[in-house]
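Visitor: Predicted structure and sequence below. I'll ask about it afterward.
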Amino acid sequence: MLTGIYDNAGDHIEDSGSAPLTKVRAGEVAIGFGLRQQAVADKADGLPIDYIDPAEGNFSLTESVAVVDKGDDTNAKAMEMAQCIIENGREELQSYYPLALYEGEETDAENLSANPKVFPEPLTVDLLEQHQALSEECK
C-alpha cells in the first residue's frame, strides 16, 4: 500500500506535518494528510476546510524532554533547563498542539481524535529506524 501511495503521489509527498494543510489553504491541493489540530483551528476561523478522522486511527503529536543520567558527570543545569521547559513552555506549546499529557491538563473535545490509536510498544530508536527503512524501501 505504501509503495502505491509513493507511486501515485510522488513529488507531492511532504515530510512536514503542517505542509499538507498549507497546500490546502493555498488551493494547491484538494486534500492533505496533516496535523489535525491545524484543520480544526482553520475551520473554526471560517476557512473552507473540513477534516475527518480515519477509521484506522491517527497519531497524536507530543513533545518530550529528557536528561541523560551520567552519574557524577551529569550536568545539574540540564535538569533545571528541562524543568524550565516543562513549566514555562508547556502552555504555549498547548496552543499549537492541544493534547493533554499531564495530570490536571484537559483537551478540548473538538481537538480529540475520534479514533485514537495506541500502539502496544513504545517508539524506540530501533523501531523508528525500522519504520524509516520500510518507508525508504517503498519509494
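Guide: Thanks, I have the structure now.
Visitor: I'd like the next helix or strand past the lowest-mean-pLDDT helix or strand in the chain.
Guide: Least confident helix or strand, the chain: helix 76-96 with a mean of 85, by mean pLDDT, DSSP states H and E. Counting by DSSP states H and E, the next helix or strand C-terminal to helix 76-96 is helix 125-138.
Visitor: who's in contact with that next one?
Guide: With contact meaning CB atoms under 8 Å, 6 or more residues apart in numbering, helix 125-138 is reached by 2, 3, 5, 6, 121. No exception for glycine: its C-beta is placed from N, CA and C like everyone else's.
Visitor: could you dump that helix to PDB, C-alpha only?
Guide: Provided in PDB are the C-alpha atoms of helix 125-138 (Å, rounded to 0.1, in the frame of the first residue of the first chain):
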ATOM      1  CA  VAL A 125      15.200   4.400  18.200                       C
ATOM      2  CA  ASP A 126      15.300   0.800  16.800                       C
ATOM      3  CA  LEU A 127      11.600   0.900  16.000                       C
ATOM      4  CA  LEU A 128      11.900   4.300  14.400                       C
ATOM      5  CA  GLU A 129      14.700   3.000  12.200                       C
ATOM      6  CA  GLN A 130      12.600   0.100  11.100                       C
ATOM      7  CA  HIS A 131       9.800   2.400  10.100                       C
ATOM      8  CA  GLN A 132      12.200   4.700   8.200                       C
ATOM      9  CA  ALA A 133      13.700   1.700   6.400                       C
ATOM     10  CA  LEU A 134      10.200   0.500   5.400                       C
ATOM     11  CA  SER A 135       9.400   3.900   4.100                       C
ATOM     12  CA  GLU A 136      12.600   4.100   2.100                       C
ATOM     13  CA  GLU A 137      12.100   0.500   0.700                       C
ATOM     14  CA  CYS A 138       8.700   1.600  -0.600                       C
END
